[in-house]
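Novice: test case, fold it:
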Amino acid sequence: MENFISYNSTRLHFGKGVVKGLMNNLGAAAKEIGETALLVYGGGSVLRNGSYEDTLKQLKRNNIRVVEYSGIKPNPVVTDVDNATVLGLKENVDFVVAVGGGSVIDSAKIIAVCIADKVKGWDIMSGKHRPNAALPIIAVLTLAATGTEMNPTAVIQNHETNEKNGFRHPVMAPKHSFLDPTYTQSVPADYTAYGIVDLIAHSLEAWFGAGDAPLSDKYVISIIQEALEKGPELMKDLENYDLRARIMWAATNALNDITMHARKSGDWGVHGLGHVLSYLYDTAHGATLSIIYPAWLRHIGSRSPERIIELGKSLFSTDSVESTVVEFEKFFQELGSPIKASEVGLGKEKITEILDLMTKNRVSGMHHALDESDRKSIVELMMA
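Specialist: Numbers count the residues shown, from 1 in each chain. Sure, this is the predicted structure:
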C-alpha cells in the first residue's frame, strides 16, 4: 500500500427535501458564506425538476442577492466560464451556487477560481496558472454520474485549442453539496444510462490504476455491484425514488476518492480517449465510455490480462478477458448505452480525424501508457 492522506472538505446533504428542509438547508448554508451569490445553471431541466425554484427561494428567503448565469452546455466550454467570471467580478459576488449536473458544477469550480484569482479559465485548465484561492461553492446536483459534487476536479473544453482537459486542485471542492434524488427522477432514460456507465467507468479507472490497494479494490467492486444490480431495475422504473437514491450515492462514492486511497494513481486513459469523441462530435460523455471501455479492455488484456481476469471473477464469475468484456458489453446494452462507435453515427471514415486529435492531445493513461499504435488499435476495435 502507498502512503496517503484521507480528507474530504465537502459537507454532503443527502436525501429528499434537503435543499428546502426546515434545518441545515441550502439557505442556512448560504447565509453563513456571504451576501451575493452567482447562480449558474444549464438549460430547461432545472426549471422542470424544481431544483432551480427551490434553490432560488432558499437564497431569497435568506436575503441573498442573486446574480444569474444560465446556458452551461452538457460538454462545458471555457467561453461560458470566462463570461460568467466577468459577470461575477462585475457584481462582486461572494460565492457560486451551481444547480445542475457535472457540467454545471465543473464550470462553477473553475469560475470560482477565476473570480478569486482574476484569471482566464484556460489559464487554469492548461496549467499556466496554479490556483491560489476559490470562492466558496454550493452545488445542487440534478444528475447522478460524475461524482464532481464531492471532489475538487473539473473538466472543460476549449474550441480554440481543440482540447478537453481535466484539472484538479483542493480549493475547488464544493463547500456544500445538496443531493436530493427527487431532482433526478425526471432524467430521461438515455442520460440515466450514461450516468450509470460513468460511475462504473470511474470505478474502473481506480481499479486499473497503479499500486496495491486491497481495501480500495473492495470498495470498487461493491460500487460496481450496486450499479450492476440496481441499474437495470432503475431503467425499468425511472421515477423510483429508492433506486434513484441508490444510484446517486453510488455515483458519489465512485469519485470522492474513497476508491483511490493507497494507490499511486488511477489510470484515466479511457476518459482521455472519450474526451476526444465528446469534443469532436458532442457525444455524451457516458456514451463515449461505454463505447471505449470494451475496446480498451480487449487491447490492454492482450498484454496485461491479470487485473481484468480478477475483476471478471469478482463481478461476473468469469475466467477470461474476453468473457469479462462480453459481460460488460451485455450490461451496457441492457442499459441502452452504445458499445460501438457506429451506434452514435461514427464510421471508419472518422478514424484518422479521431487519431489525429488523440495524438495532438497526447492521450495516454497514468498507469497503462498508450502510444500511437495503442490508440490506433483501440479506435479500430471500437469501430469494429
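Novice: now the residue nearest in space to the middle of the chain: closest residue in space, sequence neighbours ignored.
Specialist: Central residue of the chain (Cα atoms, centre = their mean): Thr146, 2.3 Å from the mean position. Of all residues not flanking Thr146 in the chain, Gly102 sits nearest, at 3.1 Å (Cβ to Cβ, 6 or more residues apart in numbering). (C-beta placed from N, C-alpha, C; glycine too.)
Novice: what do you get for Val93?
Specialist: Leu38 (4.2 Å).
Novice: now the strands for this protein?
Specialist: Secondary structure of the chain by DSSP state E: the strands cover 11-14, 36-41, 65-69, 95-100, 137-141, 153-158, 163-168, 176-179.
Novice: now the ones you listed as a markdown table including distance to Ala112?
Specialist: Below are the strands of the chain laid out as a markdown table (distance: least, Cβ to Cβ, whole Å):
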| stretch | distance to Ala112 |
| --- | --- |
| strand 11-14 | 16 |
| strand 36-41 | 9 |
| strand 65-69 | 12 |
| strand 95-100 | 5 |
| strand 137-141 | 5 |
| strand 153-158 | 10 |
| strand 163-168 | 13 |
| strand 176-179 | 13 |
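Novice: can you say which of these is nearest to Leu280?
Specialist: For Leu280, the closest of those is strand 163-168, at 9.4 Å, according to Cβ to Cβ.
Novice: which residues belonging to the longest helix along the chain are considered buried?
Specialist: Criterion DSSP state H: the longest helix present in the chain is helix 214-235. Residues of helix 214-235 classed as buried: 216-217, 219-221, 223-224, 226-228, 230-232, 234-235 (neighbour count, 16 or more other Cβ atoms under 10 Å).
Novice: before we move on, what about stretch 275-295?
Specialist: 275-281, 283-295.
Novice: inside helices: which ones of the residues you listed?
Specialist: Judged by DSSP H, helices contain the following of the buried residues of stretch 275-295: 275-281, 285-295.
Novice: before we move on, back to that, gap between the residue nearest to Val93 and Val220?
Specialist: Distance of Leu38 to Val220, computed by Cβ to Cβ, to the nearest Å: 36 Å.
Novice: tell me which helix or strand of the protein sits lowest on mean pLDDT?
Specialist: helix 45-48 (a mean of 92; mean pLDDT, DSSP states H and E).
Novice: which residues sit against it?
Specialist: For helix 45-48, contacts defined as Cβ atoms under 8 Å, 6 or more residues apart in numbering pick out 52-53, 99-100, 142, 186-187.
Novice: alpha carbons only: can I get that helix in PDB?
Specialist: Output of helix 45-48 as PDB, limited to C-alpha atoms (Å, rounded to 0.1, in the frame of the first residue of the first chain):
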ATOM      1  CA  SER A  45     -34.200  20.600 -16.900                       C
ATOM      2  CA  VAL A  46     -33.500  22.500 -13.700                       C
ATOM      3  CA  LEU A  47     -36.600  24.600 -14.300                       C
ATOM      4  CA  ARG A  48     -38.800  21.500 -14.800                       C
END
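Novice: next one: it to chain centre, how far?
Specialist: With Cα atoms, centre = their mean, to the nearest Å as the basis, helix 45-48 stands 20 Å off its chain's centre.
Novice: what's the answer for stretch 185-200, then?
Specialist: 12 Å.
Novice: any buried residues in that stretch, and which?
Specialist: Counting neighbours by 16+ other Cβ under 10 Å, stretch 185-200 gives 187, 191-200 as buried.
Novice: which one of those residues is nearest to Ala154?
Specialist: Asp198 (15.0 Å).
Novice: give me every residue that touches the closest one.
Specialist: Residues near Asp198 by Cβ under 8 Å, 6+ apart: 145-146, 251, 285-286, 289.
Novice: do Met125 as well
Specialist: Residues near Met125 by Cβ under 8 Å, 6+ apart: 78, 110, 154, 156, 158, 163, 165, 167.
Novice: any weak-confidence spans in the stretch 151-300 of the chain?
Specialist: For the stretch 151-300 of the chain, no stretch has pLDDT under 70.
Novice: now Lys360: closest residue in space that isn't a chain neighbour?
Specialist: Nearest residue to Lys360 in three dimensions, chain neighbours excluded: Asn162, at 6.9 Å (Cβ to Cβ, 6+ apart).
Novice: phi, psi for the one you found please.
Specialist: Main-chain torsions, Asn162, degrees, to the nearest 10: phi 60, psi 40.
Novice: so who does it touch?
Specialist: 279, 357, 360-361.
Novice: Val344: which of these is nearest?
Specialist: Tyr279 (13.9 Å).
Novice: surely that closest one touches Lys360?
Specialist: No - counting by Cβ atoms under 8 Å, Tyr279 sits too far from Lys360 to count as a contact (11.0 Å).
Novice: now do stretch 220-227: everything it contacts.
Specialist: 196, 199-200, 203-204, 206-207, 246-247, 250, 253-254, 259, 311, 314-315.
Novice: what two of those residues are the furthest from one another?
Specialist: Arg246 and Leu311 (21.6 Å).
Novice: can I see the domain layout of this structure?
Specialist: Here the domain parsing of the chain from automatic domain parsing is 11-184, 189-383.
Novice: wait, which of these is closest to Asn3?
Specialist: Between the domains of the chain, domain 189-383 lies closest to Asn3; by Cβ to Cβ that is 8.2 Å.
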